[in-house]
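In: Whatever this is, show me its structure:
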Amino acid sequence: MSLQNTRTTRVFHLCATLLLTFALAAGSAPALAKDSFRIAWSIYVGWMPWDYGDQAGIVKKWADKYGIKIEVVQINDYVESINQYTAGGFDGCVMTNMDALTIPAAGGVDSTALIVGDFSNGNDGVILKGKKSLADIKGQKVNLVELSVSHYLLARALGSIGLGEKDITVVNTSDADMVAAYASPDVTAVVTWNPLLSEILATPDSHEVFDSSQIPGEIIDLMVVNTGTLKANPALGKALTGAWYEIMSLMSGKDKAAVAARTQMGKASGTDLAGYDAQLATTRMFYQAAEAVSFTRGAELVDTMKHVAKFSFDHGLLGEGAPDAGFIGISFPGDKSLGDKANIKLRFDDAYMAMAADDKL
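Out: Residues are numbered from 1 along each chain as shown. A predicted model of the protein is given here:
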């Protein structure tokens, strides 16, 4: 599968998922201790390490250490993987911070961001055809995957120059159709992610006028697990975190083993070593656990989630009954929180990453 499908249609088909989730939540029992777990992943540069770790036996090694079994399952459709997690089909799933808020958390599933893996640092961008300034976007139709991180990036870009969505017209376009759409004379503005971003930028008279490096740390890639399951089964958190940072240590080096690991990750995602390394160049990976801990404890993360919650509420992604952007509570290390403390459904927890940083796993 090509990297072109990595964040495939981050559109939020929530209605059916929410109805199912609320039904499940109504009759759900407390999570119980168990010894077998299922983790879902989908293709994206920052999530390929899970596939590599599974294939290389690293995940099994750490699961064995804690006397459990972890099945790592690839789901071809990104949103579907989150829907299945939300419905209880998986104990954990990779997703972005915005999707964690607007799908499982909005669906009533208490979820924990166990591992903060990376953030987009140029992987997402706004491109104009024949224009070189972001201000030139005013009045244009903008093609993007609606209600996705591309939509969020556009909102942040517009806000940076005093504009709003009222000043443009969003045209919902599948990521699979983005390159072809841009080739049309009628399409003059797009927002997308790599590798589509690079492919479109290679077109003559195409100009990137804003990218995710201008809102660093806001489009974050996570390993999210069910909070009840994690509390009842800390071995799952330890095994996943231990495996992750072993993979990070291996792939971040310059030796043959590192090159071989990244080559395998690139091949599994439909590219080669050069293509995968190019993706990594615009991704801020937290290879060291201490870096992820520092980021998760930082005040900037709280500010980011304020922006995300506002965007999500403004676009109806927190559910029909949400009265405001603070409807869903979000907790952070150090007893910090946003929104309704009585309705915390998304938790950024640095405890297991801190264990990894202190070599206590």
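
In: tell me which strands and helices the helix ranked longest in the chain is in contact with?
Out: Longest helix in the chain by number of residues, with DSSP state H as the criterion: helix 234-251. When contacts are defined as 3 or more Cβ pairs under 8 Å, 6 or more residues apart in numbering; DSSP states H and E, helix 234-251 packs onto helix 48-55, helix 58-65, strand 69-74, strand 111-120, strand 220-226, helix 227-232, helix 256-268, helix 351-357. In this view, the C-beta of every residue, glycine as well, is placed from N, C-alpha and C.

In: can you give me the strands for the stretch 51-200 of the chain?
Out: All strands of the stretch 51-200 of the chain, identified by DSSP state E, counting those that start in this stretch, fall at 69-74, 92-96, 111-120, 124-129, 141-144, 169-172, 189-193.

In: tell me the mean pLDDT for the first one?
Out: This points to strand 69-74. Across strand 69-74, the average pLDDT comes to 98.

In: quick one, it and helix 234-251 angle?
Out: Counting by axes from the mean of the first three to the mean of the last three Cα atoms, to 10 degrees, strand 69-74 lies at 60 degrees to helix 234-251.

In: Can you give me the buried ones in strand 69-74?
Out: Within strand 69-74, the residues that count as buried by 16 or more other Cβ atoms under 10 Å are 70, 72, 73.

In: one step back: how about the strands of the stretch 51-200 of the chain, which one is nearest residue 283?
Out: Distances from residue 283 to each of these were compared using Cβ to Cβ; the minimum, 5.2 Å, belongs to strand 111-120.

In: and the angle from that closest one to strand 189-193?
Out: Angle, strand 111-120 to strand 189-193, by the same axes, to 10 degrees: 120 degrees.

In: Restricting to C-alpha, output strand 111-120 in PDB.
Out: Taking Å, rounded to 0.1, in the frame of the first residue of the first chain, the C-alpha atoms of strand 111-120 are listed here in PDB:
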ATOM      1  CA  SER A 111      -9.100   6.900  26.300                       C
ATOM      2  CA  THR A 112      -5.500   7.500  27.300                       C
ATOM      3  CA  ALA A 113      -2.700   8.800  25.000                       C
ATOM      4  CA  LEU A 114      -0.200   6.300  26.200                       C
ATOM      5  CA  ILE A 115       2.600   7.200  23.800                       C
ATOM      6  CA  VAL A 116       3.100  10.600  22.100                       C
ATOM      7  CA  GLY A 117       5.100   9.500  19.100                       C
ATOM      8  CA  ASP A 118       5.600  12.500  16.900                       C
ATOM      9  CA  PHE A 119       4.100  15.600  15.400                       C
ATOM     10  CA  SER A 120       3.800  16.900  11.900                       C
END
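
In: what element comes up after the helix or strand of the chain with the lowest mean pLDDT heading to the C-terminus?
Out: Sorting the helices and strands of the chain by mean pLDDT, DSSP states H and E puts helix 14-26 at the bottom, at a mean of 44. Scanning forward in sequence from helix 14-26, with DSSP states H and E defining helices and strands, the next element found is strand 36-41.

In: as a whole number, average confidence for that next one?
Out: The predicted model assigns strand 36-41 a mean pLDDT of 98.

In: where in the protein is pLDDT low?
Out: Screening the chain residue by residue with the criterion pLDDT under 70, one finds the ranges 1-30.

In: Go again with 90.
Out: Low-confidence segments of the chain (pLDDT under 90): 1-33, 43-44, 76-79, 145, 147-148, 174-176, 193-199, 269-271, 319-321.

In: Show me it divided up by domain.
Out: The record, using automatic domain parsing to delimit domains, assigns the chain the ranges 3-119+219-357, 124-214.

In: hey, which of the ones you listed is tucked in deepest?
Out: Each of the domains of the chain was assessed for mean neighbour count using mean count of other Cβ atoms under 10 Å. The highest is domain 3-119+219-357, with a mean of 20.

In: what residues are up against the residue nearest to residue 141 when sequence neighbours are not counted?
Out: Leaving out its chain neighbours, the residue that sits closest to residue 141 by Cβ to Cβ, 6 or more residues apart in numbering is residue 169, at 4.6 Å. Counting by Cβ atoms under 8 Å, 6 or more residues apart in numbering, residue 169 makes contact with 140, 141, 142.

In: what's the answer for residue 123, then?
Out: Each residue near residue 123 by Cβ under 8 Å, 6+ apart is listed here: 45, 193, 194, 197, 212, 219, 279, 282, 283.
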